[in-house]
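J.: Quick one: sequence and predicted model below, then my questions.
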Amino acid sequence: MIERADLPVEALTVDPMQSRKQAWTGDDTDQQLVSSIDADGLYHDLIVRPVDAVDVGVTNDTVDDSDDGQQSAAAQEPQYAIVAGSRRYHAAMEAGYETIPCKILKTDDLDAAWTSLLENTDRRELSEQEIAEQLNLIYELIRPRDDREVEVVDDSEANELLTQDRFDTEQGALQHLAERFYGRSDDGAVDLIKGHLRTADLPPVLQALFKTPSDRTTREQTALDNYGIDTRSTLGSGEGKSGTSREIVALHNTLEAELDTDTIDPTAAVLETVGSLRFDEMSEQELRRSLRDFRNEVSAELDENAATEQEQVFQETLRRHADDLRELHEEIEPTRPFKKVDILGPETQHHSRWHVQAMRTRGVDSHSELVRELYQERLEALATEQGWD
């Protein structure tokens, strides 16, 4: 049974199972939430659980409002951990709330992790990186443990905690994740889960590609900026369903396997690739295709050349791909009529080229004029074919 109560802000802290790792930055989006709560109130309760139910340590994330700078006993020892709603919690405090409506769950770490993930994805509030990280957290709680990972201890309760809720096989754990997250456990859904876990296994700076700008650390922002990557944007769909992370993982794995890592750092090589092959207004589909084409070509080129030439081969291949993409964008983009679709789609690319060529051949100055001419010509041809009066 779920209990509902208005809890003082000093009694609350962020749950370690919370899917948002950087819930509050105070940026414009956060301040809009403060204004909304200040004007209209909280539409949804926070979801919390007693701190006593948390097996992993919690941190006190409350604000000290006392005049003498001393925290109260309640603030030093929070009673409830926020499973979902950490942004609303911070915004409510900034809006001056002293108590916040909460739904109190009696749940363990595993269920709390699921609740946080599903609550936030239902609200479309998580980036692709956050979804991957949260699914990986849950996977680590339920996957089978290798005997080498389990230390022999005398405490029977500790031994029980090491094995409870765990599956006997990795496939069983993956199918459980797929069933809970996607509502199905077929091979396709399991492959999607594996993709999320591979994303979570990327070096942190590559995971930052899929974070929202406000969630990136200063070091991550600087690293992306140094490679010419637009730090105002986020790769991925925001729903954890895009294939961009899959291509980033595949490129990193390929470079890590084939490069002499003493000469070229695979992580740096991926960042340089993204910075070189991504253009303004480029769709995710086009970026994925560009990354895949580059990976296939650079892999073949590296196989055919000596290790001492790897850096030169990588740079020349990347420069060639970047130049080809730049030429394509410069040729099509200024007069492209199909601006809301993928310009490198197999049909749209041809149509855009033909459209530009037709305008030049006919000497027309606008898309609408060309379309009107083509429409009239086609209509007259159809009338002749069909014998219309």
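T.: Perfect, I can see it now. Numbers count the residues shown, from 1 in each chain.
J.: Report pLDDT for residue 286.
T.: pLDDT, residue 286: 86.
J.: Same check on the one 10 residues further on?
T.: Model confidence at residue 296, given as pLDDT, is 94.
J.: same check, this time on residue 30
T.: 78.
J.: repeat for residue 313
T.: pLDDT at residue 313 comes out at 92.
J.: Same check on residue 230?
T.: Here the pLDDT value assigned to residue 230 is 90.
J.: same thing with residue 124?
T.: So residue 124 comes in at 51 (pLDDT).
J.: pretty sure residue 325 is in a strand, no?
T.: No: under DSSP: H, G, I helix; E, B strand; the rest coil, residue 325 falls outside any strand and is assigned helix.
J.: Against residue 249, how distant is it?
T.: According to CB to CB, to the nearest Å, residue 325 and residue 249 sit 22 Å apart. Yep, even glycine has a C-beta here, placed from its N, CA and C like the rest.
J.: Please identify which of the two sits among more neighbours.
T.: residue 325 (21 against 18; other CB atoms under 10 Å).
J.: Was I right to think the more buried one contacts residue 280?
T.: No: judged on CB atoms under 8 Å, residue 325 makes no contact with residue 280 at a distance of 11.7 Å.
J.: where does the stretch 1-150 of the chain have low pLDDT?
T.: For the stretch 1-150 of the chain, applying pLDDT under 70 flags the ranges 1-2, 18-25, 55-76, 119-125, 146-150.
J.: repeat that with 90
T.: Within the stretch 1-150 of the chain, the segments meeting pLDDT under 90 span 1-6, 9-91, 95-96, 102-150.
J.: what ranges do the strands span in this structure?
T.: 3-8, 12-14, 46-50, 80-84, 99-104 (DSSP state E).
J.: And the first one, what does it pack against?
T.: The contact analysis (3 or more CB pairs under 8 Å, 6 or more residues apart in numbering; DSSP states H and E) places strand 3-8 against strand 99-104.
J.: make it 10 Å
T.: Under the contact criterion of 3 or more CB pairs under 10 Å, 6 or more residues apart in numbering; DSSP states H and E, strand 3-8 touches strand 46-50, strand 80-84, strand 99-104.
J.: The last one too?
T.: When contacts are defined as 3+ CB pairs under 10 Å, 6+ apart, strand 99-104 packs onto strand 3-8, strand 12-14, strand 46-50, strand 80-84, helix 86-94.
J.: list the buried ones in it?
T.: Buried residues in strand 99-104, counted by 16 or more other CB atoms under 10 Å: 100, 101, 102, 103, 104.
J.: What pairs with that strand, parallel or antiparallel?
T.: strand 3-8 (antiparallel), strand 46-50 (parallel) (DSSP bridges).
J.: Touching the last one from outside, list them.
T.: The set of residues that contact strand 46-50 without belonging to it, under CB atoms under 10 Å, 6 or more residues apart in numbering, is 2-3, 5, 7, 11-13, 15, 17-18, 78-86, 88-89, 92, 100-109, 111-112, 115-116, 119.
J.: quick revisit: as CSV, the strands paired with strand 99-104 with distance to residue 28 and mean neighbour count would be great.
T.: Conversion of the strands paired with strand 99-104 to CSV gives the following (distance: least, CB to CB, whole Å; neighbours: other CB atoms under 10 Å):
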stretch, distance to residue 28, mean neighbour count
strand 3-8, 28, 13
strand 46-50, 23, 21
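J.: mind putting these in JSON lines, distance to residue 226 included?
T.: Converted to JSON lines, the strands paired with strand 99-104 look like this (distance: least, CB to CB, whole Å):
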{"stretch": "strand 3-8", "distance to residue 226": "44"}
{"stretch": "strand 46-50", "distance to residue 226": "39"}
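J.: Residue 126 is nearest to which of the ones you listed?
T.: strand 46-50 (15.0 Å; CB to CB).
J.: Okay, angle between the closest one and helix 86-94 too, please.
T.: 100 degrees (axes from the mean of the first three to the mean of the last three CA atoms, to 10 degrees).
J.: start at 672 instead
T.: Right, with 672 as the first residue, what we last looked at is strand 717-721.
J.: Work out the gap between strand 717-721 and the centre of the chain.
T.: Its chain's C-alpha centre and that of strand 717-721 lie 25 Å apart, by CA atoms, centre = their mean, to the nearest Å.
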